[in-house]
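Q: Quick one: sequence and predicted model below, then my questions.
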Amino acid sequence: MRFRGSVAIDLGTVNTLVWVTGRGIVLEEPTAIAIDTAVGKVAAVGAEADALADKEPQDIQVIHPLRDGVIADLDATAAMLHAFLRRTRRFSLMRRDALVCVPSGATPVERRSIIAALGVRRPRYNVRLIDEPVAAAAGAGFDLSGGAGGFVVDIGGGTTEVAAVAGWRVVRSHSLRKAGNAMDDAIVQAVRNELGLIISQRAARGLKMTLGVTGGAEGYAEAVGLDVAQRTPRSEFVPGGLVASALEPIVAAIAGTVHEMLSEIPAGLAEDVVRGKVRLSGGGALLPGLAGRIESAAGIGTVVVEDPLRCVVRGAAEILERKDAKQQPDVPGLRSLPRAPTPAAASRSRPAPGRPSASRPPLPRSACRPR
Ligand SMILES: Nc1ncnc2c1ncn2[C@@H]1O[C@H](COP(=O)(O)OP(=O)(O)OP(=O)(O)O)[C@@H](O)[C@H]1O
Ligand SMILES: [Mg+2]
């Protein structure tokens, strides 16, 4: 039996994605809600709310209700989620299943708050949680059935999850509270200190995406902000080197954590990890130069998964689709478990040319690079 209308939700610090059984990804919006404080009502959610951030319109408070991958404002999260889910729901009286991804380092209180956010208003959901690295690994194309494993690094907005996964379970994981948002903050600070220019988070994000740790194709990018002394708008060409040095401590922390985690995996998982390579997911995986830095630290091949921003929700969807299987291996957070992939799920998880393969390729002779 297919659970039509069941939802998989990647409730991220920066982006929220919703997948519905039988329909695919139906919503991708910034994790944001705008409240009209004059009347105490929701003014906007998602992209519309996020567009008002930093602009301070009268009587409007823009809230990004998640911090570091977990709920920081329960009421705002519940209101935002229900607005999103109302948009995706077709009329039905059935109580739906919702599978929601949580960072592996989330505390029991943080996990319960996600269940509460989906339980306080109608329509209510039967909520189950799945560890984000397991969903990321499934979305990254690893076939975790039969005890197989892999190594995945999900670099989101609030957290970087570094994890070894096997048989639908986390083997070792580390949740680093340094990711895309911390990179933006570091760039805002550096541009203010070095160039005397106050830029928005949005402008910093643009510099990060263009210049990354490599300095970009041109070696600089334009940013507009307010002059620190005059408080008037001005534009400036920001050198790539300035952005690269601002990002360096965060990139070094991520690469260092990958190296550390690789030195902690059980020997039995080493072959799976080398064959499958380190797979990077999440929006931060697109940072120019990051994959190269992680590959140097890891000493093994490192690849960015196909469509990294949708990797986690795709993986959660695959797990949700498998939950009515006859053979049900144990997946943490789920009462019932995966079956063999449906043809649709199998084709979705099939890597694109040049991407990592879910099936076992021969072990490359140069898989372990000299360190
Ligand atoms: N091309 C790019 N280069 C660098 N960073 C990028 C790029 N595209 C998106 N990002 C960053 O990726 C982050 C968002 O990624 P993602 O949607 O995976 O995070 P999230 O799931 O909301 O956060 P988390 O998983 O930490 O809760 C943002 O910080 C965004 O600036
Ligand atoms: Mg995420």
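A: It's in. Numbers count the residues shown, from 1 in each chain. Ligands and ions are numbered 1, 2, ... in the order given.
Q: so where's the chain shaky on pLDDT?
A: Scanning the chain with the threshold set as pLDDT under 70 gives 1-4, 90-94, 323-371.
Q: who in it is up against ligand 1?
A: Contact residues, the chain versus ligand 1 (C-beta under 6 Å from any ligand atom): 12-15, 69, 156-159, 179-181, 205, 208-209, 282-284, 286-287, 309. Yep, even glycine has a C-beta here, placed from its N, CA and C like the rest.
Q: Now intersect those residues with the helices, please.
A: If you go by DSSP state H, the residues of the chain next to ligand 1 have Gly180, Asn181, Arg205, Lys208, Met209 in helices.
Q: doesn't Gly283 make contact with the last one?
A: No. The pair formed by Met209 and Gly283 falls short of the contact definition of C-beta atoms under 8 Å, at 9.2 Å.
Q: Pick out whichever of these two has more residues nearby.
A: The residue with more neighbours, out of Met209 and Gly283, is Gly283; 20 against 16, by other C-beta atoms under 10 Å.
Q: isn't the more buried one right up against Pro308?
A: Yes. When contacts are counted by C-beta under 8 Å, Gly283 is listed as touching Pro308 (6.6 Å).
Q: Against Ala223, how distant is Pro239?
A: 11 Å (C-beta to C-beta, to the nearest Å).
Q: Which one's more surrounded, those two?
A: Shown here are Pro239 and Ala223; by other C-beta under 10 Å, Ala223 has more neighbours (22 against 17).
Q: In contact with the more buried one, which residues?
A: Val191, Leu197, Ile199, Ala203, Ala204, Gly206, Leu207, Ser235, Glu236, Val238 (C-beta atoms under 8 Å, 6 or more residues apart in numbering).
Q: do the same with Pro57
A: Pro57 neighbours (C-beta under 8 Å, 6+ apart): none.
Q: one step back: what subset of the contacts of Ala223 is buried?
A: Neighbour-count burial (16 or more other C-beta atoms under 10 Å) applied to those gives Val191, Leu197, Ile199, Ala203, Ala204, Gly206, Leu207, Glu236, Val238.
Q: what sits against the third one?
A: So the one you mean is Ile199. Ile187, Val188, Val191, Arg192, Leu207, Ala223, Val224, Gly225.
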